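S.K.: Next come a sequence and a model predicted from it.
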Amino acid sequence: MEEKDLQLIRSAKHGSKEAFALLVQNYKQYVYRTAYGILQSRTDAEDVVQEAFIKAYLSLAQLQEERSFPSWITTITTRLAIDLIKKRQRASPVTWDDSWLQIQDPKHDISHTELRLSVHHALAELNEDHRAILILREIHGFDYQEIANILQIPIGTVRSRLHSARMQLRKTLENHL
């Protein structure tokens, strides 16, 4: 985290609306990618982003360690997104940056577009818990302990869900390819 972000967080904690507006500007794409990856819907993700920043603004004074702001805002966003999914119980297509996924098996001679579509369909078949774990780990790069804190689950559950999610994703991709 850059020093200027730390300064913005400190200023925002002391009531500076301008500093918080700059924080929103700096983190809105990050928060959006998290929400969108879980929700699979642009409209829902935009709603969650707004709600996440409102919650963050209202509870910023409670943030103990400024350096934990990225994981703190991710926790808020992830919980809001999962709550929305559970509330609506509906499925929508997902599109996201799948550059982390590398299939290097020469027998699978497919284009990047075909791979993205296959990943798109495979992710849509995962439940929200597995999708959230994959996004937090593979897209945002959080470690197991950070994911456990964000989702408020034991670290062993993070490991088992991540393993299950990867296996299910792999199996589904093999069937699509």
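M.R.: Good, I have the coordinates.

S.K.: pLDDT score for residue 73?
M.R.: Here, the pLDDT recorded for residue 73 equals 95.

S.K.: How many residues are close by it?
M.R.: 23 (other CB atoms under 10 Å). C-beta: built from backbone N, CA, C; applies to glycine.

S.K.: same question, residue 151
M.R.: Neighbour tally, residue 151, other CB under 10 Å: 20.

S.K.: Likewise for residue 125?
M.R.: 16.

S.K.: Determine the three-state secondary structure at residue 170.
M.R.: Under the three-state scheme (DSSP: H, G, I helix; E, B strand; the rest coil), residue 170 adopts helix.

S.K.: Which residue ranges make up the domains of this structure?
M.R.: 1-92, 94-177 (automatic domain parsing).

S.K.: Select from the ones you listed the stretch with the lowest mean pLDDT.
M.R.: Going by mean pLDDT, the lowest-scoring of those is domain 94-177, which has a mean of 77.

S.K.: Work out the gap between that one and the centre of the chain.
M.R.: 12 Å (CA atoms, centre = their mean, to the nearest Å).

S.K.: try stretch 11-25
M.R.: 23 Å.

S.K.: Show me which positions of it end up buried.
M.R.: By 16 or more other CB atoms under 10 Å, the buried positions in stretch 11-25 come out as 11-12, 19-20, 22-24.

S.K.: which outside residues touch that stretch?
M.R.: Stretch 11-25 is contacted from outside by 5, 7-9, 53, 57, 60-61, 63, 66, 69, using CB atoms under 8 Å, 6 or more residues apart in numbering.

S.K.: Kindly check the end-to-end length of that stretch for me.
M.R.: 15 Å (CA to CA, to the nearest Å).

S.K.: Nearest spatial neighbour of the spatially most central residue of the chain, chain-adjacent residues omitted?
M.R.: What sits nearest the mean C-alpha location of the chain, by CA atoms, centre = their mean, is residue 34, with 2.7 Å. For residue 34, ignoring the flanking residues on the chain, the nearest one in space by CB to CB, 6 or more residues apart in numbering is residue 77 at 4.8 Å.

S.K.: what's the distance between the host helix or strand of that neighbour and the middle of its chain?
M.R.: Per DSSP states H and E: residue 77 is located in helix 69-88. Put simply, helix 69-88 sits 8 Å off its chain's centre (CA atoms, centre = their mean).
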